[in-house]
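> Could you work out the structure for the sequence below:
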Amino acid sequence: MDQHRRNFLYAASASGALALLAACSNRGTNNAPGNTQANAPSGNDSPDPKPEPATLETGNLGTLIGTGFRGKDGGLETWLGLVDLNQTPKFVTGELKPVLIPMTFFGHAVIPHPIERTRVAVFAKWGPGGCEVDLGEKRVIRDIQATPGREFYGHGAWSKDGQTLYAVESEPRSQGAYAGYVVVRDAADMKVLGEFPTFGKMPHDCHILDEGKTLAITNGGGTGDDEEGCVTFVDIETRTLLERVPIPVYMAGHLAITGRSSKGDLAVGSTPHNPPGPDPDAFKKIPGALTLRPSGSAATKVGEPAAVTENMLGETLSLAIHEELNIVGATNPAGDICTFWDIKTGAFLNSFEMKEACGIALTLDKRYFVVTARHKYAVQIIRARDLALVEDASFTLSGVNGSHCLIYDL
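The predicted model follows:
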């Protein structure tokens, strides 16, 4: 049977049981709005009231979607995983297993089509793999080929009308210093139409904003003094630079922005440059960065409390913004931490330990943040209004252990 057309459920461990996530303890003080202890008046000698236990109220949570892999027969088995979050209790007990859609490569980001609701694009990071998946039929429907001599670099964006696909590509790292490109394709046949200017070096993430008029791009930057990381906002019709937000010292990696507007509140996750030496993973021992630019204000890197930011090691990977509560969540897999911040003021709100925390997204009803991890395919669910962990909703073997996740209405 064609590998792309096989649908299967993820096989759990030999015991067949889902283990509850062990590493889900609160890290740091919860100063989130609504924390009764943090807001108690000074001098109150009465016992502190017990905080309301965080419980999961199912309803319109959505479907968790993300890439995954496992070692098999000396190679990798790779897929796109789907988890119905409205059935979370059954995933906790092991009664349900995620649906896995087989793929031939390990994907980085999943990009939903704006018109065809079940159609998504998936790209590898530093690899030739690219494809379109039909989430309804649960199969790969078309491969997407990288430009000859290049690799995909993980991210892409559809035009508002869904007729054009922007995909980030790079030259192979094996060549040493490499350049990056945003390649424009016709969504009907994936024919290359040209390249889109990024106004920076080493682009990675990109988002369509302003009703389809603007492309926001993160540029990791180069090694030269005039090649610092940045976020650029580019007019799609004229291909002119509208704004450039510098990210000094770090490599700008991923962005999230409110209102799908270039004038919205901006959050940028960044990676430290790897220090000289033979260790390619030395950057994972250095704190990464989270830069916030509230609408109409200057961009500022969060720095306090140091006890938290010092643990945000390596890449600040995934970001999710709760627009009504002004909360941005960020993951740092090398630091085993997920942190939450006030996107308007930069104030620290809370953090949680989670081994190799990678993806973060909001449920459809916006009541919960969902965090995924590479370790054990783990999932944590955090109540948004007070940033309290829903302890009895944590589970492993979700099938999602890639860099990013999204929550979608299927």
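
> pLDDT weak spots in the chain?
1-51, 175-178, 223-226 (pLDDT under 70).

> What residues of the helix ranked longest in it count as buried?
Determined from DSSP state H, the single longest helix within the chain is helix 88-93. For helix 88-93, the neighbour count (16 or more other Cβ atoms under 10 Å) marks 88, 91, 92 as buried. Glycine gets a C-beta too; all of them are placed from N, C-alpha and C.

> try stretch 209-218
Buried residues in stretch 209-218 (16+ other Cβ under 10 Å): 209, 210, 212, 214, 215, 216, 217, 218.

> Equivalent analysis for stretch 74-83, please.
For stretch 74-83, by 16+ other Cβ under 10 Å, it's 78, 79, 80, 81, 82, 83.

> just checking, the fifth one touches residue 91?
No. The pair residue 82 / residue 91 is not scored as a contact, 11.6 Å apart, by Cβ atoms under 8 Å.

> intersection of neighbour lists for these two?
Jointly contacting residue 82 and residue 91 under the rule Cβ atoms under 8 Å, 6 or more residues apart in numbering are residue 98.

> coming back round to it: and the buried residues of stretch 209-218, which is closest to residue 161?
For the buried residues of stretch 209-218, the residue nearest residue 161 by Cβ to Cβ is residue 212; the value is 7.1 Å.

> Show the contacting residues for the closest one.
159, 160, 161, 236.

> quick revisit: for the buried residues of stretch 209-218, which one is nearest residue 353?
When the buried residues of stretch 209-218 are compared against residue 353 (criterion: Cβ to Cβ), the nearest one is residue 218, at 27.0 Å.

> where's that closest one, which helix or strand?
Counting by DSSP states H and E, the element that carries residue 218 is strand 214-219.

> So what touches that strand?
Taking Cβ under 8 Å, 6+ apart as the rule, strand 214-219 contacts 157, 166, 180, 182, 196, 198-209, 229-236, 242, 252-255, 257, 262, 268.

> ok, residue 384 - how many residues close by?
As a burial measure, residue 384 scores 21 neighbours (other Cβ atoms under 10 Å).

> does the residue nearest to it when sequence neighbours are not counted have beta-bridge partners, and which?
Closest residue to residue 384 apart from its sequence neighbours, by Cβ to Cβ, 6 or more residues apart in numbering: residue 322 at 5.3 Å. Note on residue 322: beta-bridge partners by DSSP bridges are residue 327.

> From residue 308, how far out is residue 322?
19 Å (Cβ to Cβ, to the nearest Å).

> Likewise for residue 228?
25 Å.

> go on, residue 374?
Applying Cβ to Cβ, the value for residue 374 to residue 308 is 21 Å.

> what about those two, which has more around it?
Using other Cβ under 10 Å as the criterion, residue 374 and residue 308 rank with residue 308 on top: 21 against 18.

> Wait, a helix at that one?
Yes. Assigned with DSSP: H, G, I helix; E, B strand; the rest coil, residue 308 falls within a helix.

> quick one: it and residue 351 touch, right?
Yes. Assessed by Cβ under 8 Å, residue 308 is found in contact with residue 351 at 5.6 Å.

> if we can go back for a sec, the strand holding residue 218 pairs with which strands, parallel or anti?
Strand 214-219 has the following strand partners under DSSP bridges: strand 203-209 (antiparallel), strand 229-235 (antiparallel).

> looking at these, which is closest to residue 174?
strand 203-209 (18.2 Å).

> circling back: would you turn the strands paired with strand 214-219 into JSON lines with distance to residue 356?
JSON lines is the format used below for these (distance: least, Cβ to Cβ, whole Å):
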{"stretch": "strand 203-209", "distance to residue 356": "20"}
{"stretch": "strand 229-235", "distance to residue 356": "24"}
